[in-house]
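Undergrad: what's the 3D shape of this:
(2 chains)
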Amino acid sequence: MSTARRLILPYGGRHTADPPPGAPALAAQALCVRYPGADRLALRDVTMVVPAGARVALVGPNGAGKSTLLKSAAGLLPVVGGKLMVYGAQPGSSPHRVAYLAQRGEVDWHFPISVRRLVVTGRYPYLGWLRPPSREDWRKADAALERLGIRDLAERQIGELSGGQQQRALLARALAQEADLLLLDEPLNAVDAATREVISNLLCDLGREGKTAIVATHDLDRLQTDFDDALFLVDGQVVAGNSGRAHPHYARAAQLNGWTEVTA
Amino acid sequence: MNPLDWVLSPFEYNFMRTAALAGALVGATCALLGAYVVLRRMAFIGDALAHTVLPGLVIAYLNRWNMTVGALVAGVITALGIGWLSRRREIREDTAIGIIFTGMFALGILLMSAARSFRDFSHMLFGYIIGVTDDQLRLFAALALFIVVVLVLLHKELELTSLDPVHAQVIGLRPDALRYVLLVLMALAVVGAIQAVGVVLTSALLIVPAATASLLTNRLPAMMALAVLIAVIASLIGLLMSYHLDVASGAAIVLICIVIFLLAWGIRAIREHKRTTQR
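TA: As a prediction, this is how the structure comes out:
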């Protein structure tokens, strides 16, 4: 990039190291995470590796720790035991590489801001303090809106969008951010069929582009088509990797939640 | 009296010109910050900040120090104290604010009653914009400039942390630190507002113009500009009413703000009605 790009005053002041080449997108070893002030561990002894370029589904009953795992990877929760590495570094040390999509409730949808401006906030890690978005940043925001099929809604106030459109706007922001690792917390929850289709295609494209996606989901029908791998979480523990469906806990969780069984 | 005289003749007096400038400046500053106060649901903190400044004012007054400086110090201490208390989770934030707010206000009243000077006291409670000195006016201008500069420089970060604190944190921003910045700016803005409309009505300047603007637009910069315009107009009309009708200036300014709010409410209702009937 141009030399002007080097003059940014980065957020957080954390050292942004170049990742060691070949490091997995996410590697957890005996990871324990607890919410501040809570007694119980939300994640216990989780060991897992997500290679760069993989699309991995996180499946499990509510409260199993899917969201906790995503938040930890985004650097939002302190690690109390074990190790967690994102591209070979501490979570949160390379903010522009990681995009985290919380469930839609975390955004104030009444805020007076346009969809386009919401999407351009994905460019902020490249801007740092004091620099406004450049023409290039706006172009990238527009391209992301286009890709998710909501370019025509760009000038709407964000609260005027439907649930599915809001989810697409947040995904557009992650695309504008050009993140390598996307952490998506139930992006398919309560969205329309068209949005499901768009998100499904997007996951497929991301895989081809070498991006990594870790997605918490309840939608077992799509595990086979949309993902390379699925991890099953129960009570803050990964019960199994690829062969998780054979695990008795999974069968029970599936039964309790009325999941349709995935045929191998 | 012809209407132009009604508007212009009071400003032949020096004190009225100073008061008008002070009112416009203070109203505009509060309205600008008020956009964040309204959007981030900080109305209660705004009100508390105004009240907790009272002991600072009184202590400065009793010791013949500069009262504005006394208010500034008390305001900044409160801003930091509220920020600190609300980060701890032993008690809920609004409860913590309620305790600090009433405690400090009671302390101010106690100190003032010990001094037995209720005339000056009522100026603190209800404002005395006619009494603004040139030195104070310069200070208000400096504070306003400072607040505007900070809000412009940090606009995209303040906007983002208000809208989506989680994304802000993931990309390396610290929403709690930016909240402190806003609290301190509010403390600075409140100091001028107290002179204009008094401790009791200061939160109106923070809330009402911004709330009015939020009814009319759905873009943050437009909301800020509109809130400033409303506050300036209300300050000038309120001051003129107070001059001609011999009523309390602070109350007049706040009531004009409320009238404009009700007008905006009406405009919005008509707009919504049109939109639904067109469908």
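Undergrad: quick check: residues of the stretch 151-279 of chain B near chain A?
TA: In this structure, the stretch 151-279 of chain B approaches chain A at residues B:153-154, B:156-157, B:159-160, B:162-167, B:169-174, B:214, B:217-220, B:222-223, judged by C-beta under 8 Å from any C-beta of the partner chain. Where you see a C-beta, it was placed from the backbone N, CA and C, and this is true even at glycine.
Undergrad: wait, isn't B:Met42 in contact with B:Tyr36?
TA: Yes - if you go by C-beta atoms under 8 Å, B:Met42 and B:Tyr36 touch, sitting 7.1 Å apart.
Undergrad: what's the offset of stretch A:54-65 from the middle of its chain?
TA: Computed by C-alpha atoms, centre = their mean, to the nearest Å, the separation of stretch A:54-65 from the middle of its chain amounts to 12 Å.
Undergrad: buried residues, it. List them.
TA: For stretch A:54-65, the neighbour count (16 or more other C-beta atoms under 10 Å in any protein chain shown) marks A:54-61, A:64-65 as buried.
Undergrad: and stretch A:203-218, by the same measure?
TA: Applying 16+ other C-beta under 10 Å to stretch A:203-218 flags A:203, A:206-207, A:211-217 as buried.
Undergrad: can you redo the residues you listed as JSON lines with distance to chain B?
TA: Listed next are the buried residues of stretch A:203-218 as JSON lines, based on distance: C-beta to the nearest C-beta, whole Å:
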{"residue": "A:Leu203", "distance to chain B": "20"}
{"residue": "A:Leu206", "distance to chain B": "18"}
{"residue": "A:Gly207", "distance to chain B": "22"}
{"residue": "A:Lys211", "distance to chain B": "17"}
{"residue": "A:Thr212", "distance to chain B": "16"}
{"residue": "A:Ala213", "distance to chain B": "16"}
{"residue": "A:Ile214", "distance to chain B": "14"}
{"residue": "A:Val215", "distance to chain B": "16"}
{"residue": "A:Ala216", "distance to chain B": "15"}
{"residue": "A:Thr217", "distance to chain B": "19"}
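Undergrad: name the nearest residue to the residue of chain A found nearest chain B, ignoring sequence neighbours.
TA: Taking C-beta to the nearest C-beta, chain B has its nearest neighbour within chain A at A:Gly12, 2.9 Å off. What sits nearest to A:Gly12 in space, not counting adjacent residues and going by C-beta to C-beta, 6 or more residues apart in numbering or on different chains, is B:Gly172, at 2.9 Å.
Undergrad: so how far is A:Glu197 from A:Asp228?
TA: 20 Å (C-beta to C-beta, to the nearest Å).
Undergrad: sorry, back to before: widest-spaced pair of the buried residues of stretch A:54-65?
TA: A:Ala54 and A:Pro61 (23.4 Å; C-beta to C-beta).
Undergrad: gap between the closest residue to chain A within the stretch 101-250 of chain B and B:Ala204?
TA: Minimum separation of the stretch 101-250 of chain B from chain A (C-beta to the nearest C-beta) falls at B:Gly172, amounting to 2.9 Å. Per C-beta to C-beta, B:Gly172 is found 37 Å from B:Ala204.
Undergrad: comparing these two, which residue is more hemmed in?
TA: B:Ala204 (26 against 21; other C-beta atoms under 10 Å in any protein chain shown).
Undergrad: mean confidence score for the helix or strand hosting that one?
TA: Here B:Ala204 sits within helix B:175-216, counting by DSSP states H and E. The average pLDDT within helix B:175-216 is 91.
Undergrad: before we move on, what about stretch B:85-98?
TA: On average, stretch B:85-98 scores 76.
Undergrad: check contacts around B:Thr29.
TA: Residues counted as contacts of B:Thr29 (C-beta atoms under 8 Å, 6 or more residues apart in numbering or on different chains) are B:140, B:143-144, B:147-148, B:189, B:192-193.
Undergrad: kindly recompute the last result at 6 Å.
TA: Applying C-beta atoms under 6 Å, 6 or more residues apart in numbering or on different chains, we find B:Thr29 in contact with B:144, B:147, B:189.
Undergrad: could you do B:Phe140 as well?
TA: Here B:Phe140 is in contact with B:22, B:25-26, B:192 (C-beta under 6 Å, 6+ apart).
Undergrad: which SS state does it fall under?
TA: Using DSSP: H, G, I helix; E, B strand; the rest coil, the structure places B:Phe140 in helix.
Undergrad: quick one, grab the pLDDT at it.
TA: 91.
Undergrad: next: A:Pro51.
TA: 89.
Undergrad: that one: neighbouring residues, count only.
TA: A:Pro51 - counted by other C-beta under 10 Å - has 15 other residues nearby.
Undergrad: wait, it sits on A:Leu26?
TA: No - using C-beta atoms under 6 Å, A:Pro51 is not in contact with A:Leu26; the gap is 8.9 Å.
Undergrad: list phi and psi for A:Met48.
TA: phi -160, psi 160 (degrees, to the nearest 10).
Undergrad: any of the residues of the stretch 151-279 of chain B next to chain A buried? List them.
TA: The buried subset of those - by 16+ other C-beta under 10 Å - is B:154, B:156-157, B:159-160, B:162-167, B:169-174, B:214, B:217-218, B:220, B:223.
Undergrad: in helices, which of those residues appear?
TA: Among those, DSSP state H puts B:156-157, B:159-160, B:162-163, B:165-167, B:169-170, B:214, B:220, B:223 in helices.
Undergrad: need the three-state assignment for A:Val46.
TA: Quick answer, by three-state DSSP: A:Val46 is strand.
Undergrad: skipping adjacent residues, who's closest to it in space?
TA: That would be A:Leu31: by C-beta to C-beta, 6+ apart, it lies 4.4 Å from A:Val46.
Undergrad: okay, now B:Glu272: neighbour count?
TA: If we define neighbours as other C-beta under 10 Å, then B:Glu272 has 10 of them.
Undergrad: show me where chain B has its helices.
TA: Going by DSSP H, chain B shows helices at B:3-8, B:14-39, B:43-52, B:54-62, B:67-87, B:93-115, B:118-126, B:134-153, B:155-163, B:165-170, B:175-216, B:220-245, B:249-278.
Undergrad: by mean pLDDT, show me the worst of those.
TA: Looking at these, the bottom one is helix B:118-126 with a mean of 77.
Undergrad: wait, which of the contacts of B:Thr29 is closest to A:Asp142?
TA: Closest to A:Asp142, out of all of these and judged by C-beta to C-beta, is B:Ile147, at 33.4 Å.
Undergrad: who are the contact partners of the closest residue to B:Met124 other than its chain neighbours?
TA: Leaving aside its chain neighbours, B:Met124 sits nearest to B:Leu57 (5.4 Å; criterion: C-beta to C-beta, 6+ apart). Shown in contact with B:Leu57 (C-beta under 6 Å, 6+ apart): B:67, B:70-71, B:124.
Undergrad: which pair of those spans the longest distance?
TA: Longest span within the contacts of B:Leu57, C-beta to C-beta: B:Gly70 and B:Met124, 10.7 Å.
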